[in-house]
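Peer 1: Just the structure for this:
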Amino acid sequence: MTPEQNQSWVSEFILLGFSSDSASNKILFFAFLLLYLSSILGNGLIVTLICLDSHLHNPMYFFLCILSLLDMGSVTTTVPQMLVHLLAHSQTISFAGCWLQMFVFGALGLFEGILFVVMAYDRYVAICYPLHYTIILSWGLCIQMAAGTCACGFFLSLIHTFLTMRLPYCGPNIVNHYLCEGPSVRSLACMDTHLIELVDLVISVFLVVTPLSLIVASYIRIVLAILKIKSTSGRFKAFSTCASHLIVVILFYAPATYVYLRPNSSYSSECDKQVSLFYNVFTPLLNPMVYSLRNKDIKEAFSKVLKCGNVA
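Peer 2: Numbers count the residues shown, from 1 in each chain. Sure thing, here's the model as predicted:
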């Protein structure tokens, strides 16, 4: 069956967004615009500081820089379009545009989810093998892990998007969401989707349970190693560094797990729409706050910028 036949009569989708009231949409527009700009500014600042300050040129901040870039990419994939739809009379998105948004948003999200495992491994090596940290986590290995997580994220997102967008969409074409996300778009397909939903669920379980299991295993070893540290200040510093990572992991995985791993019988587009805001809008905003407020090195680099105009 050709792509044209798969699309049937639907050549575009209508994204309902959050409200049909123009006054409410204007308020939402300014609220989300502020959140978007704050997210871009916060993550952009972290990327800038890490690039400029030579003291931050180590694996931990290399992965943090990638995380900030992913957060900026994620919100830019969805929020600008949402802002346009809040003010425009038309809320349509082409079939190809929906396909592209679903793929890119999914790829960046999967990349980020797998990156958290790499960041947990980084903390594991730093705390359990501090004297061999730079030897074990060489720059070559860091680049290979970053490239591997990127390739894995984009490949798995391609599978997820292909399974969803190859379905026949005969109408209606109204998506009760502010973005093209798999479950909400798939609910419009005019055929039985149970098999595809099962395959998608298996992929989702693998991509949530496996990373979380590896993260938990890493932190069990980390906690055991921290408890052996005799210095109180040393234990506090180790716990503080790990706490930042754990907070962003929870902020990311908790809502994503709810959306993608619950039974299809309990699917609710209204609930999904609200929950997705956490990992799409609020998590990218909170990540730089968590790391900057709890991280001494980031705060020192920022102070250097304010005082000297450079952080070399």
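Peer 1: what's the distance between the residue positioned nearest the centre of the chain and Phe278?
Peer 2: Centroid check for the chain by C-alpha atoms, centre = their mean gives Gly109 as the closest residue, at 3.9 Å. Using C-beta to C-beta, to the nearest Å, Gly109 is found at 12 Å from Phe278. No exception for glycine: its C-beta is placed from N, CA and C like everyone else's.
Peer 1: Could you do Tyr124 as well?
Peer 2: Separation of Tyr124 from Phe278 (C-beta to C-beta): 27 Å.
Peer 1: Neighbour count: these two, which is higher?
Peer 2: A count of neighbours by other C-beta atoms under 10 Å puts Tyr124 above the other of Tyr124 and Phe278, at 21 against 17.
Peer 1: Contact partners for the more buried one?
Peer 2: Going by C-beta atoms under 8 Å, 6 or more residues apart in numbering, Tyr124 touches 218-219, 221-222.
Peer 1: Report the two of the residues you listed separated the most.
Peer 2: Spatial extent of these (C-beta to C-beta) is set by the pair Tyr219 and Arg221 at 7.2 Å.
Peer 1: So what does the residue of the chain most remote from its centre have for phi and psi?
Peer 2: No residue in the chain sits farther from the centre than Lys230, which is 36.7 Å out by C-alpha atoms, centre = their mean. Dihedral pair for Lys230: phi -80, psi -30, per degrees, to the nearest 10.
Peer 1: With Asn173 instead?
Peer 2: Dihedral angles (degrees, to the nearest 10) for Asn173: phi -120, psi 20.
Peer 1: what separates it from Ile135, distance-wise?
Peer 2: Asn173 sits at a distance of 56 Å from Ile135 (criterion: C-beta to C-beta).
Peer 1: what does Leu277 give?
Peer 2: Separation of Leu277 from Ile135 (C-beta to C-beta): 42 Å.
Peer 1: again, but for Ile203
Peer 2: Noted for Ile203: a distance of 36 Å to Ile135, by C-beta to C-beta.
Peer 1: more neighbours, these two?
Peer 2: Ile203 (16 against 10).
Peer 1: measure that one to Val209 for me?
Peer 2: To Val209, Ile203 is 11 Å away according to C-beta to C-beta.
Peer 1: which residues do the two both contact?
Peer 2: By C-beta under 8 Å, 6+ apart, no residue touches both Ile203 and Val209.
Peer 1: And the next helix or strand past the lowest-mean-pLDDT helix or strand in the chain?
Peer 2: One helix or strand of the chain scores below all others by mean pLDDT, DSSP states H and E: helix 3-7, with a mean of 45. Later in the chain than helix 3-7, the nearest helix or strand by DSSP states H and E is strand 12-15.
Peer 1: buried sites along that following strand?
Peer 2: Within strand 12-15, the residues that count as buried by 16 or more other C-beta atoms under 10 Å are 13, 15.
Peer 1: Same question for stretch 93-106.
Peer 2: Within stretch 93-106, the residues that count as buried by 16+ other C-beta under 10 Å are 93, 95, 98-106.
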